[in-house]
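Participant: Sequence first, then the predicted structure, then my questions.
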Amino acid sequence: MSDNKRYYYLKLKENFFDSEEMVYLESEKDGVKYSNFLLKLYCKSLKREGRLVLNELVPYDTKMLAKVTRFSESFTKKALKKLENLGLIQRLDDGTIFMSNIQEYIGKSSTEADRKRIYRKKIEEEKSGQMSGQMYDKRTPEIEIDKEIEKEIDDIDRFRDRFKEVTGRNAYIKNQSSINSFINSYGATALGVVMEQIEHSNYLKSNADFEWVCNNLSNIANGKYRDRNQEADTEYEEPEYYIDDRGYKRSVITKEILL
């Protein structure tokens, strides 16, 4: 009998427990219990894309979470407060608890047969019907998507590390949807432009926290906060660029064709 269920799984990078948030969390008294509690919340929220809800109308409260995670209610209340302070969870306006950065960790899988069928269809579309029922590549679309997600996570991690190195401040962010959107629009190379602008702005180096930076990436990339006395250095020798589908070189910021 075929299995037509869709499965969700938690994807963690090998350095997940080395992040600043996890190191801090596990250094606390009962730290291992906190990290175990966090992982249970991640798993519980996968099907709802990060929202901890019993159904579309009923969000989990402290008592319900204590029951499903098998921790005491007092510990659950304390753990939720600690995770919220670290930016690992958020409370939405309707009271729903949302797991921050959950999109980095969600994996979805259907049956192998379904995935191969989807992949065959994709190849047929790309090859204009020249596939003849043969698999050109054993890799499924999910694997390719997972690789893209992993690359994006690596790009963001490098950006965070560089920010900490340049500013000497932590790189905490509650929700990285803004940075994901920026990468989707301009490409990961644009983060290098942002970092170069930060390095040439005393204001950004001294005052801007990481979350504010991520919410103002486009303005920073366009040089809005660059020091005035360094404007002469910004004469464009050659902007960062990418090659579009038609082979044109375009600016990652303005998307104009570069000659």
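Facilitator: That came through, no problem.
Participant: tell me the SS of Y172?
Facilitator: coil (DSSP: H, G, I helix; E, B strand; the rest coil).
Participant: distance of it from E28?
Facilitator: From Y172 across to E28, the span is 16 Å (Cβ to Cβ, to the nearest Å). Heads up, the C-betas are built off the backbone N, CA and C, glycines and all.
Participant: And the contacts of stretch 41-58?
Facilitator: By Cβ atoms under 8 Å, 6 or more residues apart in numbering, the residues outside stretch 41-58 that reach it are 8-10, 59-60, 64-65, 68-69, 83, 89, 92, 96-100, 102-103, 105-106.
Participant: which of the residues you listed count as buried?
Facilitator: 59-60, 64-65, 69, 83, 89, 96-100, 102-103, 105-106 (16 or more other Cβ atoms under 10 Å).
Participant: what sits up against stretch 166-184?
Facilitator: 20-21, 86-87, 90, 100-101, 103, 152, 155-156, 159-161, 163-164, 190-191, 195, 198-199, 204-206, 208-211, 214-215, 217-218.
Participant: Which of those fall in helices?
Facilitator: Residues of those located in helices (DSSP state H): 20-21, 152, 155-156, 159-161, 163-164, 190-191, 195, 198-199, 204-206, 210-211, 214, 217-218.
Participant: still on that earlier bit, between Y172 and E28, which is the more surrounded one?
Facilitator: Y172 (15 against 12; other Cβ atoms under 10 Å).
Participant: any idea how far the more buried one lies from N202?
Facilitator: Distance from Y172 to N202, by Cβ to Cβ: 22 Å.
Participant: Quick one: neighbours of the closest residue to E104 other than its chain neighbours, just the number.
Facilitator: Nearest residue to E104, sequence neighbours excluded (Cβ to Cβ, 6 or more residues apart in numbering): I153, at 5.6 Å. I153 sits with 18 neighbouring residues when counted by other Cβ under 10 Å.
Participant: thinking again about what came up before, hmm, which of the ones in helices among the contacts of stretch 166-184 are the buried ones?
Facilitator: Counted by 16+ other Cβ under 10 Å, the ones in helices among the contacts of stretch 166-184 give 21, 152, 155-156, 159-160, 163, 190-191, 195, 198, 204-205, 210-211, 214, 217-218 as buried.
Participant: Which positions within the helix or strand harbouring F182 qualify as buried?
Facilitator: Following DSSP states H and E, one finds F182 within helix 177-186. Buried residues in helix 177-186, counting neighbours by 16+ other Cβ under 10 Å, are found at S178, I179, N180, F182, I183, Y186.
Participant: May I ask which helix or strand of the chain has the lowest mean pLDDT?
Facilitator: helix 112-126 (a mean of 56; mean pLDDT, DSSP states H and E).
Participant: what ranges of the stretch 1-150 of the chain fall below the confidence cut-off?
Facilitator: 1-7, 107-150 (pLDDT under 70).
Participant: The nearest residue to I102 once chain neighbours are set aside: neighbouring residues, count only.
Facilitator: Excluding its sequence neighbours, the residue lying closest to I102 (Cβ to Cβ, 6+ apart) is G50, at 3.4 Å. Residues lying near G50 (other Cβ under 10 Å) number 22.
Participant: if I look at G50, how far off is V23?
Facilitator: For G50, the distance to V23 - Cβ to Cβ - is 23 Å.
Participant: Next: T189.
Facilitator: T189 is 30 Å from V23, by Cβ to Cβ.
Participant: what does K29 give?
Facilitator: 15 Å.
Participant: Mind checking which of these two has more residues around it?
Facilitator: Higher neighbour count among K29 and V23: V23, with 11 against 6, using other Cβ under 10 Å.
Participant: ok, now which ones touch that one?
Facilitator: V23 neighbours (Cβ under 8 Å, 6+ apart): F17.
Participant: Just the element for it, please.
Facilitator: helix 20-27.
Participant: then that helix to PDB, C-alphas only?
Facilitator: What follows is helix 20-27, C-alpha atoms only, in PDB (Å, rounded to 0.1, in the frame of the first residue of the first chain):
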ATOM      1  CA  GLU A  20      25.500  32.300  20.700                       C
ATOM      2  CA  GLU A  21      21.900  31.800  21.700                       C
ATOM      3  CA  MET A  22      22.300  28.000  22.300                       C
ATOM      4  CA  VAL A  23      25.700  28.400  24.100                       C
ATOM      5  CA  TYR A  24      24.100  31.000  26.400                       C
ATOM      6  CA  LEU A  25      21.000  28.900  26.900                       C
ATOM      7  CA  GLU A  26      22.800  25.700  27.800                       C
ATOM      8  CA  SER A  27      25.200  27.500  30.100                       C
END
